[in-house]
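>>> For reference, the sequence and a predicted model appear below.
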Amino acid sequence: MIIALIAHDKMKPEILDFARKYRETLKKHTLVATGTTGHKIIEATGLNITCFRSGPLGGDQEIGAAVANGKIDLIFFFRDPLTAQPHEPDVSALLRLSDVYKIPLATNISTAELMVHSLH
């Protein structure tokens, strides 16, 4: 399964904790991520992750293109619902594409944990 990992700045500590906690499950899959998130997860866990650009620099769009091309099976996108994002149109487009192509997408830790347990 190809899994995308994305997190807004204020949510990076949460996705790092998630990746550490579920490292053994995640390492069984192909992982991709937006740039900053991916590099931080690699540093914290040693997981093998292909990193795209940072989200605001086009990484969200790159993952969206991968979704549209059938190259993503699951997305963990830890969004910050309380902070305006300068690249909000890109975020909205990625969410829309996940719906169009029926790609499961978790936007918070509770949903992510339910989804990761289904990978066992």
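The structure has been received and is ready for your questions.

>>> and stretch 96-104, how far out from the chain's middle?
In terms of C-alpha atoms, centre = their mean, to the nearest Å, the gap separating the centre of stretch 96-104 from the centre of its chain is 14 Å.

>>> wait, I meant stretch 90-110
Stretch 90-110 sits 10 Å away from the centroid of its parent chain (C-alpha atoms, centre = their mean).

>>> burial count for the closest residue to residue 31 other than its chain neighbours?
In this structure, residue 31 finds its nearest non-sequential neighbour in residue 49, 4.4 Å apart by C-beta to C-beta, 6 or more residues apart in numbering. From N, CA and C alone the C-beta is placed, and that goes for glycine too. Residues near residue 49, counting by other C-beta atoms under 10 Å, number 22.

>>> For residue 3, see how far away residue 49 is.
Residue 49 sits 10 Å away from residue 3, taking C-beta to C-beta, to the nearest Å as the criterion.

>>> Many thanks, have a good one.
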